[in-house]
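Enquirer: Give me coordinates for this.
(chains A and B)
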Amino acid sequence: MLFPDWSLGNRSTPPAEAVLVVAADGRIAAVSPAARTQGAEPGMPRREAEMLCPGAVVLERDLAEEWQRFELVVSTIEEIIPRVEVVEPGMALVPLSGATRYYGGEEPVVEIVAAKLDLFQPRIGVADGPFAATWAARTATPGTPMVVSDTRRFLNDLDISSLMGESPDAESMVATFRWLGVTTLGSLAGLPREALASRFGAPGLIMHRLAHGEDRMLDPRPIPPETAVELRFEEPLETLDQAGFAARAAAATLMTRLGKEGIAPHRMTIEIESAGGESRLRVWRSLDPFTEGALADRVWWQLRAWLESGQIRGGVIRLKLDPADLSGGGRQMAFFEDTSARIEAERALARAQTLLDPAAVVQAAPRGGRMPSERIRWFRWGEDTPPPDSSAPWPGSTPAPAPSLVPPEPRPLEVEWDEGLPVRVRLGSRWEPILTWSGPWRLSRKWWMGEQAVDRYQIVTSAGAFLCVVDGGQAFLAGIYD
Amino acid sequence: MFDRLWCPIEVRFVIDRWDLSTRLQETSLDPFVLQPGRPVELSGPPGYGLTRLGYRMLAGPSLRAPVVVVDVRGWASPQAAWETGVDPDRLVIVRCPDAGVWAKVMAALCEGVKAIYAEVPAGVREQDLRRLGALVRARQVGIGLRPVEGGLPAGIAHLRLRPLEVHWSGNDRGHGSLGSRTLVMEASGRGVAGLTRRIEVEDDGANIVRVVPGLVAGQPEHAAG
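Expert: From the prediction side, this is the model:
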């Protein structure tokens, strides 16, 4: 069940306004109809989409808020069919086998669900297995569910690119398939499985199984009975801070327990009980095994959604995390990595997050830019790492070495000039003579948006070196080579 | 040329004017490698290159587990840390401008993180710093402490590094760009057997920090004879 452009939310923007929602990896997560008519598409790099829609409103994706809205959809489905599996906000998998027997067939169930969710305009696809059902939903139109009776035949006509995202190296494999003349899933399914296994190894087998309508195998292991973690609270959890702490504690306990077994879950059931006697249960699913941070985030989103929706009377008194689909896939280590040190460090960082604020514990990834502050992409520790930036080499960028200290915003700096040459700089209460300098290096910024060009200088004093920017006659400190 | 995976850091530390036993002792006292339970203090105003030395101390430990920079001012640049060899995937920055909670955060980090470079905000109580020092020794954490103002109370740091002068080369009245840096520092504390020594460090900018061979000399502290 797919809710396209769920990230757009209920923004009360005029229909003619182009809106782009950007995910943490810098790609477009959703576009409004107006943006779509201008050529923007989900999955496109942000820069390309902004080029196509220059006047578009650009929003950062907020997964917690999206999940909060999606909770209403999932609750509605669960009134008809229990045990919904959530892949991400905007996408849910619903096992139909039991409901089909109860309601007398697939079509009646789908009609009931579609009628209940009519307000949200879902795309509903029914097929054998999550992969085929997902593609059925993608090809369906809102209001007209796509019920696939012959999954194999349906998959045969799909383009080979539909396998993208099904394995870490799917992109290169799809390119190779095309180069070999295999352009549809049908032609891939026609190849001998042994030949694919010989040429591509395990990922080739996965692709062949998917093309055959046999869904992705998870390499499941038996679930030891003691893996589930249950926390009981004498004082009911009523605030979001308490819920966040409990989420991190439960995730840490569970992942430590699983880590000892060398396994990680692909599916997680989150169950709570309230002081008022209500129970709530939700299943989360992930293609990649959950890490501690990812799991803690999902538990936190879920608790936040339940608490803020007012469904929990009197607060939470019991929280249970029950893992399923356990595999060894999440435990791959680097050559030198010390697993116990990593787990201990993650636990310590989680504690630091609770003492400070989740946004105060961050990581960074490199990205393109000309100024030092532009070349860093920050993201919260525990969130998925953005993919490496493969953008252009950025001619004109400030040369290495990078300043070790970079103010978030350039700070005014007093520099004395003599016929255009820097002479002295004020550091604190004293004036330091400038021994030598580099520059000016002219940086032309977004002139089409009215931004003026600036000049950059590296100035050297006996007390150190500084990166200085002169903008409109005023000097600013942009970095310290400390 | 070394393969970065196998030998990301080339550090040479050669002592002149010392006997062989002192040399052997000193090679294990590379001040730019964090040693478990032995805090290193880097005190001095910004501009001399101490932050880069602090980042450099995290490069080796980042091969094995996450390392942490505790950023008080909000100015820490991971790009410079990556240049010194810190693994980007294992570098975590904890922003903690509040002196009131700083000691608690540090204590939490010391319970699990093996290598930390931390700025120390002004206003942290001396007793908290001493408790932290004890915790660092008990948990065998490698830690570099950089007071934002002044220095640490005596007895906390195993090795104290204080910059004396810095020279840059590579630019000349508008031409070129910053290249290598030579930093003269004073090392003191138990890490250098209670003596005070001058160390000259050459930093070749975008790559690694290294101690230039043959330029390290003992500085007499007492009048001879």
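Enquirer: Quick check: phi and psi at the closest residue to B:Glu41 other than its chain neighbours.
Expert: Once flanking residues are discounted, B:Glu41 sits nearest to B:Ala157: 3.5 Å by Cβ to Cβ, 6 or more residues apart in numbering or on different chains. (Each C-beta comes from the backbone N, C-alpha and C, glycine too.) In this entry, B:Ala157 is assigned phi and psi values of phi -80, psi 140 (degrees, to the nearest 10).
Enquirer: so how far is A:Ala352 from B:Val101?
Expert: The spacing between B:Val101 and A:Ala352, counted by Cβ to Cβ, to the nearest Å, is 10 Å.
Enquirer: ok, now B:Asp89?
Expert: Using Cβ to Cβ, one obtains 18 Å as the distance from B:Asp89 to A:Ala352.
Enquirer: More neighbours: which of the two?
Expert: A:Ala352 (29 against 12; other Cβ atoms under 10 Å in any protein chain shown).
Enquirer: show me what contacts that one?
Expert: A:Ala360, A:Val361, B:Val94, B:Val105, B:Ala108, B:Leu109 (Cβ atoms under 8 Å, 6 or more residues apart in numbering or on different chains).
Enquirer: Let's see that with 6 Å instead.
Expert: Each residue near A:Ala352 by Cβ atoms under 6 Å, 6 or more residues apart in numbering or on different chains is listed here: A:Val361, B:Val94, B:Val105, B:Ala108, B:Leu109.
Enquirer: tell me the two of those that are most distant?
Expert: Taking every pair in the contacts of A:Ala352 and measuring Cβ to Cβ, the maximum separation is 10.7 Å, between A:Val361 and B:Ala108.
Enquirer: neighbour-wise, which of these two wins?
Expert: For A:Val361 and B:Ala108, the more surrounded residue by other Cβ under 10 Å is A:Val361, and the numbers stand at 25 against 21.
Enquirer: Ramachandran angles for that one?
Expert: In this entry, A:Val361 is assigned phi and psi values of phi -110, psi 110 (degrees, to the nearest 10).
Enquirer: Report how many residues lie close to the closest residue to it other than its chain neighbours.
Expert: In space, not counting the residues next to it along the chain, A:Val361 is nearest to A:Trp381; the distance is 4.4 Å by Cβ to Cβ, 6+ apart. Taking other Cβ under 10 Å as the criterion, the count of residues near A:Trp381 is 21.
Enquirer: what's near enough to touch the residue in the stretch 351-482 of chain A positioned nearest to chain B?
Expert: Each residue of the stretch 351-482 of chain A has a distance to chain B, by Cβ to the nearest Cβ, and the smallest belongs to A:Gly464, at 2.1 Å. Contacts for A:Gly464 (Cβ under 6 Å, 6+ apart) come out as B:Gly47, B:Tyr48, B:Val166.
Enquirer: quick one, domains of chain A?
Expert: Using automatic domain parsing, the domains assigned to chain A come out as A:6-61, A:65-149, A:155-211, A:229-351, A:411-480.
Enquirer: Export the ones you listed as TSV, with columns for mean pLDDT.
Expert: Putting the domains of chain A into TSV (pLDDT from 0 to 100) gives the following:
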stretch	mean pLDDT
domain A:6-61	80
domain A:65-149	81
domain A:155-211	84
domain A:229-351	78
domain A:411-480	88
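Enquirer: Let's have those in a markdown table, adding distance to B:Arg131.
Expert: A markdown table is the format used below for the domains of chain A (distance: least, Cβ to Cβ, whole Å):
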| stretch | distance to B:Arg131 |
| --- | --- |
| domain A:6-61 | 38 |
| domain A:65-149 | 41 |
| domain A:155-211 | 45 |
| domain A:229-351 | 17 |
| domain A:411-480 | 31 |
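Enquirer: one step back: from memory the residue nearest to B:Glu41 sits against B:Pro39, does it?
Expert: Yes - in this structure, B:Ala157 is within contact of B:Pro39 by Cβ atoms under 6 Å, at 5.0 Å.
Enquirer: Nothing else from me, thank you.
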